[in-house]
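Visitor: sequence? don't have it. structure:
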């Protein structure tokens, strides 16, 4: 490979080039002592590695170095936002040495052949588990980087993926910012890993509470805190307080300010209130022209950016989030966001305002999440200190806040042995491969859940009951279908749902079978969610009730899994795979006949991105609002392309317009839509030829 050839030439010429030097050369960054120590271990050792350092200390470069050293491997992350960011970073870095990078998650359906051919695969834990029985360190790269490793505490699937990597002999590079010392030691023993730990933050963080109380008028009154608020000043809500603090801090200092809130609705209320307090900015007025009001969130963003107030959450399209990230990093301003910050996306600011110490479920934040968010305060190389201002109401919240500040991280509490879903995903493939329950138990005992549990043999035996039951079901069914289902870790209820979808005579019947299975996974009544599923399809995972979101997400996963299963059993071009692909695609647009011509022209993951960016593709739009929506949808379709032909843009624009309105566009309207789409693509760096 090119990189190895270059290093070989250096040795021939008598020069010694370390991996750390190579990383510095390719990235243009001078590595810290922590990074150099970690990269040296990546290069000189074959042992697993645990790297723990505060937010902003550059842990990701350690994972990137592992990809460089081996020339191929896997980069696992628990959230799509992180995967997209790592894809951008690694593509830019590894393209210089001729390596290919792909991302595989629910938004990116990648053929198995492409996964095998790529050098570096950025994947969700779920995707890695689905492929793991067909992968080997020798053929596909020894390194498995596990970013945000502490998330195994709340994500049994992440723990299952790392357990599988360990069982199959991959080298695990675990990266995290918020892990308690006791857990670092335990994880290192579990993985038999070297440890590199950095305790010094690149930028010192200063915590300040903003104390509030309810007065006799049931208003929130300032009881103590920062100088931007007056003692006794009254507000109607926490959102108004957070918006006021952010607006005044930015006005007084000109420094970038981040505001965190636990839900999208609260993010948007804060952003709107903050924008109303700030004057329009000449720097960002033009940005509103680049954004289209394809959904209510982006309509609000289009208004707030004029005041240099940005919004970032999962309700925005990929292209809108990308624009927001680029412009905020370039121009500063006020960024209002939800869990983006705790998910590892790099959006630092001088000031960070925590609008509450409660999460989206109404539970108090744990220490790890609090410090993961707070770690975004202070920009390395630009700020000497980052300031975190946290709103607390009453003495009890103040007391808990002080506990949060003084506790650096929550303890990791793995739950995989009690989660039958992830257990089957991990262990059914083991049984399908070896047919030995001793081997299955051995892999279960490789888990972190087993490692940290006292007397866990009883837990393992209890956990294996569900796996034995599933294996018994498949042995009764028999045949290639059952064997491949086991190899993929499909639960019997998922297998039966896929088989029912194959034998169904209509979209509604097929989706109904899959939704019933998803409801069983989540313990939800189908009647409770069917209205949202029927109306929105895939979009119910964004627009439906909390239960509908979970069920729609799982239903989509089952359909995707079914397509992969059918390709393994019957072949890629088989009628079975094609039918499941048609159902999966129809689920994206809720089976709306108006969208079928568009759906037949694009891949399912492309259509999914388009529908997410422009929900009106499912719900419909008036003719006078269709043209800008066409531009948004076309941009989302081609956002990952470097260049696209103008005739492609014209053809897709025509289909999108018809899907939105139910009628083909007039020549003048199509010309206008294509012009806006081309302009939007070129603004995003996609060349139209």
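Guide: Arrived safely, thanks for sending. Values in this document were obtained by computation on a predicted structure and should not be read as measured data.

Visitor: Which residues are in contact with residue 255?
Guide: 249, 332, 349-351, 383 (Cβ atoms under 8 Å, 6 or more residues apart in numbering). The C-beta positions use only the backbone N, C-alpha and C, and glycine is treated the same way.

Visitor: Strands along the stretch 501-650 of the chain, start to end?
Guide: Per DSSP state E, counting those that start in this stretch, the stretch 501-650 of the chain has strands spanning 643-644. These are given in chain order.

Visitor: circling back: nearest to residue 661 among the contacts of residue 255?
Guide: Residue 661 has its nearest neighbour among the contacts of residue 255 in residue 332, at 39.9 Å by Cβ to Cβ.

Visitor: Isn't the closest one up against residue 253?
Guide: No. Assessed by Cβ atoms under 8 Å, residue 332 is found out of contact with residue 253, at 10.1 Å.

Visitor: More neighbours: which of those two?
Guide: In terms of neighbours (other Cβ atoms under 10 Å), residue 332 is the more surrounded of residue 332 and residue 253; the figures are 19 against 12.

Visitor: what's the more buried one sitting at in phi/psi?
Guide: When quoted as degrees, to the nearest 10, the phi and psi of residue 332 stand at phi 70, psi -160.

Visitor: follow-up on the earlier one: could the contacts of residue 255 be laid out in CSV, adding pLDDT?
Guide: As requested, those are exported to CSV (pLDDT from 0 to 100):
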residue, pLDDT
249, 96
332, 92
349, 92
350, 95
351, 96
383, 89
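
Visitor: May I ask which of those residues has the most neighbours?
Guide: In terms of neighbour count, residue 349 stands highest of those at 27 neighbours, by other Cβ under 10 Å.

Visitor: can you pull the contacts of that one?
Guide: Per Cβ under 8 Å, 6+ apart, neighbours of residue 349: 255-258, 332, 335, 376-377, 379, 386.

Visitor: Show the backbone phi and psi for it.
Guide: On the backbone of residue 349 - angles per degrees, to the nearest 10 - the values are phi -150, psi 160.

Visitor: same check, this time on residue 214
Guide: Backbone torsions for residue 214, taken as degrees, to the nearest 10, come to phi -90, psi 130.

Visitor: Just the pLDDT at it, thanks.
Guide: According to the predicted model, the pLDDT of residue 214 comes to 91.

Visitor: do residue 573 as well
Guide: Taken from the predicted model, the pLDDT recorded for residue 573 is 89.

Visitor: let's number from 40 now, not from 1
Guide: With 40 as the first residue, the last one maps to residue 612.

Visitor: neighbours around it, how many?
Guide: Around residue 612 sit 8 other residues, with neighbours defined as other Cβ under 10 Å.

Visitor: what's the answer for residue 526, then?
Guide: Residue 526 has 20 neighbouring residues, counting by other Cβ under 10 Å.

Visitor: Could you do residue 622 as well?
Guide: Other residues near residue 622 come to 24 when the count uses other Cβ under 10 Å.

Visitor: who's in contact with it?
Guide: When contacts are counted by Cβ under 8 Å, 6+ apart, residue 622 is found next to 540, 543, 546, 549-550, 553, 598.

Visitor: Ok, residue 221 next?
Guide: Shown here is residue 221, whose contacts under the criterion Cβ under 8 Å, 6+ apart are residue 450.

Visitor: Which helix or strand contains it?
Guide: Taking DSSP states H and E as the criterion, residue 221 maps to helix 220-230.

Visitor: Excluding covalently adjacent residues, which one is nearest to residue 666?
Guide: On the basis of Cβ to Cβ, 6 or more residues apart in numbering, the spatially nearest residue to residue 666 that is not a chain neighbour turns out to be residue 712, at 4.8 Å.

Visitor: Equivalent analysis for residue 105, please.
Guide: Leaving out its chain neighbours, the residue that sits closest to residue 105 by Cβ to Cβ, 6+ apart is residue 182, at 4.1 Å.

Visitor: Just give the number of residues close to residue 273.
Guide: A count of nearby residues for residue 273, using other Cβ under 10 Å, gives 13.

Visitor: Just to check, it is in contact with residue 259?
Guide: Yes. With the criterion set as Cβ under 8 Å, residue 273 and residue 259 qualify as a contacting pair; they are 6.9 Å apart.

Visitor: that older thread, what strands flank the next helix or strand along the chain from the helix holding residue 221, and is each parallel or antiparallel?
Guide: For helix 220-230, the succeeding helix or strand toward the C-terminus, using DSSP H and E, is strand 232-236. According to DSSP bridges, the neighbouring strands of strand 232-236, each with its direction, are strand 87-91 (parallel).

Visitor: what's downstream of the partner strand, the next helix or strand?
Guide: That would be, after strand 87-91 and using DSSP H and E, helix 99-109.

Visitor: which residues sit against that next one?
Guide: Under the criterion Cβ under 8 Å, 6+ apart, external residues in contact with helix 99-109 comprise 42, 58-59, 61-62, 65-66, 68, 70, 74, 77-78, 81-82, 88, 90, 112, 114, 125, 128-129, 132-133, 136, 138, 158-159, 180-182, 184, 186, 210, 212, 214, 235.

Visitor: What residues of the biggest helix by length in the chain count as buried?
Guide: For the chain, the helix reaching the highest residue count under DSSP state H is reported as helix 585-608. The neighbour-count criterion (16 or more other Cβ atoms under 10 Å) identifies 586-608 as the buried residues of helix 585-608.

Visitor: Give the other helices and strands that it contacts.
Guide: Packing contacts for helix 585-608, counted by 3 or more Cβ pairs under 8 Å, 6 or more residues apart in numbering; DSSP states H and E, involve helix 164-171, helix 518-526, helix 531-542, helix 546-561, helix 565-575, helix 579-582, helix 614-627.

Visitor: make it 7 Å
Guide: helix 518-526, helix 531-542, helix 546-561, helix 565-575, helix 579-582, helix 614-627 (3 or more Cβ pairs under 7 Å, 6 or more residues apart in numbering; DSSP states H and E).

Visitor: Kindly check the end-to-end length of stretch 485-498 for me.
Guide: This stretch, stretch 485-498, spans 13 Å end to end (Cα to Cα, to the nearest Å).

Visitor: List the buried residues of that stretch.
Guide: Those buried within stretch 485-498 under the rule 16+ other Cβ under 10 Å are 485-491, 495, 498.

Visitor: before we move on, the earlier item: can you give me how far the longest helix of the chain is from the chain middle?
Guide: Counting by Cα atoms, centre = their mean, to the nearest Å, helix 585-608 is centred 17 Å from the centre of its parent chain.

Visitor: Helix 565-575 and that helix, what's the angle between them?
Guide: Here helix 585-608 points in a direction 80 degrees away from that of helix 565-575 (axes from the mean of the first three to the mean of the last three Cα atoms, to 10 degrees).

Visitor: what's the angle from helix 585-608 to helix 518-526?
Guide: With the same axes, to 10 degrees as the basis, helix 585-608 and helix 518-526 are set at 130 degrees to each other.

Visitor: got the angle for helix 585-608 vs helix 546-561?
Guide: On the basis of the same axes, to 10 degrees, helix 585-608 is oriented at 110 degrees to helix 546-561.

Visitor: how much does helix 585-608 deviate in direction from helix 164-171?
Guide: Angle, helix 585-608 to helix 164-171, by the same axes, to 10 degrees: 20 degrees.
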